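**Q** 3D, please:
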Amino acid sequence: MAHITIDLPDQSVHIHAQRELAFEMISAIGTSMGKNGNDAMPAPKVLKQEPGRMLVEFNTPMKLGPISTIWKSTEWVTPNEPTSIDFDLVPGTGVINGGLRQLTDHFEFENQGNCTVLTYKSRFGIRWSVGG
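**A** Sure thing, here's the model as predicted:
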């Protein structure tokens with residue numbers, strides 16, 4: 001089944017750190033902390049490593065109205081030090097993963113003096129309508 005592709009508007013943030021340090025901090029895979037710093041989420045899990053990329057399982061908290069849940073996704077992560085990091089979803093099954101056929105995220109790190117401009121670009125493809 002074909003899917004509908006949606007490009008999100010690019011988002012940029014100015015970071016007061018050199019590009020190499022910004023890249024290193026953002027590309028680190030570790031434990032995610034909760035709001036109060038004590039509700040640690042499971043760390044991303046590297047499932048497979050290949051030259052230049054790795055297959056990683058992520059746990060993302062989601063809130064849908066009164067329901068809170070954790071969305072598990074598997075993505076190929078390709079770091080291009082120190083200029084960019086690409087994330088490509090491996091489509092799966094289930095309510096969210098089954099309808100989400102494409103998720104491509106790109107973090108771009110650009111020098112700006114002694115600082116960094118981090119730009120986030122995202123494209124996703126769904127096979128169900130936004131209205132349900």
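
**Q** how far away is K48 from C115?
**A** 35 Å (C-beta to C-beta, to the nearest Å). Every residue, glycine included, has its C-beta placed from N, CA and C.

**Q** Which one's more surrounded, those two?
**A** C115 (14 against 10; other C-beta atoms under 10 Å).

**Q** Chain neighbours aside, what residue packs nearest to the more buried one?
**A** Once flanking residues are discounted, C115 sits nearest to H16: 5.5 Å by C-beta to C-beta, 6 or more residues apart in numbering.

**Q** and if you look at L118?
**A** V13 (5.2 Å).

**Q** One more: P91?
**A** R101 (5.3 Å).

**Q** same for the helix or strand the one you found falls within, what does it pack against?
**A** Element membership for R101 (DSSP states H and E) is strand 100-112. If you count contacts as 3 or more C-beta pairs under 8 Å, 6 or more residues apart in numbering; DSSP states H and E, strand 100-112 packs onto helix 19-27, strand 84-89, strand 115-126.

**Q** would you put the C-alpha positions of the shortest one in CSV?
**A** Once non-C-alpha atoms are left out, strand 84-89 reads as follows in CSV (Å, rounded to 0.1, in the frame of the first residue of the first chain):
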residue,chain,number,x,y,z
SER,A,84,25.3,15.1,10.5
ILE,A,85,23.4,12.1,12.0
ASP,A,86,20.7,10.3,10.0
PHE,A,87,18.0,8.1,11.5
ASP,A,88,15.9,5.8,9.3
LEU,A,89,13.0,3.8,10.8
